[in-house]
Each structure stands twice: as C-alpha cells, then as structure tokens.
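>>> I would like to see how this sequence folds:
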Amino acid sequence: MNLISQFSSHLKACKTILHLEQVHAHIIRQGLEQDHFIITQFICLCNSLTNLPYATSVFNRVYTPSIYLWNSVIKGYCESSSFLDTVSVFVRMKRSEIVPDKYTYPSLIKACSNGGKIREGVVIHGSAVRCGVRRGRVCEDEFD
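Residues are numbered from 1 along each chain as shown. Sure, this is the predicted structure:
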C-alpha cells in the first residue's frame, strides 16, 4: 500500500478531532501537506467533525489550492450556516483566478437560501448561468 493510500485509509477511520490531529501530524512529517488529494479528504473530514477553523487553517497553508479544495471549504462553511464566510471564501477563490465549477454554485446558493439572502442568491445563480453551468438536478434541489 502506498503512502497516499495509507493516509487515505487513516483519514477514513478518524472519528475524533484528536485522531484527526494525529493523522495531520503524520501528513506533515511525511511532507504531504501540499498533496491536494489528501488535503481535500482532510478538509472534508474536518467539515464532518464540525471543525472549520482547523480545516481553514490547513487550507490556508496550501500554496495553490485546487478547485476541489476550494469547493470543500465553501461547502463546509455552507453546512455550518455561515453565509458571510461562505461568500468570503468564494470571493477569495475568484480573486485567485480559480474558475468556479458546477460543484461550487450549489453550496453558494444553499448558503444564500439558509441565510435568507434571496437577492444574493439570484446574483450567484446569474453568475452560474453566465459561467455556463447548466441547470440540473443539483441546482434545482437548492431552489425547492
């Protein structure tokens, strides 16, 4: 089993913040803190354990985050019902010249819906349409 597969298995087995921190220490010691696959899994796990500050701290140390990393952080903030943080991360992503994809917009629209931000949701939906994201089941669910 290669190193990335090992860490992937360890991350899937994490059930507590303490265990997550231990695996993170091993990731750092092995020099994998820039590995987008591992760090995306790590951030998703932080989100599921509702530890967004830790997820954000790890994310902020990645030199050139991929769209998958950005989407993971955006989704985490959306799930925590933090409209301002969700949009703030989205603005940072756009400033870094990463192009949003079809997985970015549903979280943004859901954050608008959760925060009662109808006007902002319409603007973000318009941005999705202009970017060529087609209306599909993922987006329709956010409007129901």
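>>> make it CA atoms for all contacts and neighbour counts henceforth
Noted.
>>> what's stretch 39-48 in contact with?
Residues outside stretch 39-48 that contact it (CA atoms under 8 Å, 6 or more residues apart in numbering) are 8, 11, 17, 20, 33, 52, 54-56, 58-59, 68-69, 72-73, 76.
>>> And those residues, which two are furthest apart?
The span of the contacts of stretch 39-48, defined through CA to CA, is set by I17 and Y68 at 22.2 Å.
>>> who's more crowded, the two?
Taking other CA atoms under 10 Å, I17 and Y68 do not tie; Y68 has more neighbours (18 against 15).
>>> and the host helix or strand of E120, which residues are buried?
Counting by DSSP states H and E, the element that carries E120 is helix 118-130. For helix 118-130, a neighbour-count test (16 or more other CA atoms under 10 Å) marks 120-121, 124-125, 128 as buried.
>>> Please apply the same query to stretch 24-42.
Neighbour-count burial for stretch 24-42 [16+ other CA under 10 Å]: 24, 27, 32-34, 36, 38-42.
>>> and if you look at stretch 93-110?
Within stretch 93-110, the residues scored as buried using 16+ other CA under 10 Å are 93, 100, 102-110.
>>> Centre of the chain to it, how far?
Counting by CA atoms, centre = their mean, to the nearest Å, stretch 93-110 is centred 10 Å from the centre of its parent chain.
>>> average pLDDT for it?
For stretch 93-110, the mean pLDDT works out to 91.
>>> Pull it out as PDB, backbone CA atoms only.
Provided in PDB are the C-alpha atoms of stretch 93-110 (Å, rounded to 0.1, in the frame of the first residue of the first chain):
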ATOM      1  CA  MET A  93     -11.300  31.800  -4.800                       C
ATOM      2  CA  LYS A  94     -12.300  34.100  -7.700                       C
ATOM      3  CA  ARG A  95      -9.500  36.600  -6.800                       C
ATOM      4  CA  SER A  96      -7.100  33.700  -7.000                       C
ATOM      5  CA  GLU A  97      -8.300  33.200 -10.600                       C
ATOM      6  CA  ILE A  98      -9.700  29.700 -10.000                       C
ATOM      7  CA  VAL A  99     -12.800  29.300 -12.100                       C
ATOM      8  CA  PRO A 100     -15.900  28.100 -10.200                       C
ATOM      9  CA  ASP A 101     -17.400  24.900 -11.400                       C
ATOM     10  CA  LYS A 102     -20.800  23.100 -11.200                       C
ATOM     11  CA  TYR A 103     -20.000  21.900  -7.700                       C
ATOM     12  CA  THR A 104     -19.200  25.400  -6.400                       C
ATOM     13  CA  TYR A 105     -22.600  27.100  -7.100                       C
ATOM     14  CA  PRO A 106     -25.000  24.700  -5.200                       C
ATOM     15  CA  SER A 107     -23.200  25.400  -1.900                       C
ATOM     16  CA  LEU A 108     -23.300  29.100  -2.600                       C
ATOM     17  CA  ILE A 109     -27.000  29.100  -3.500                       C
ATOM     18  CA  LYS A 110     -27.800  27.000  -0.400                       C
END
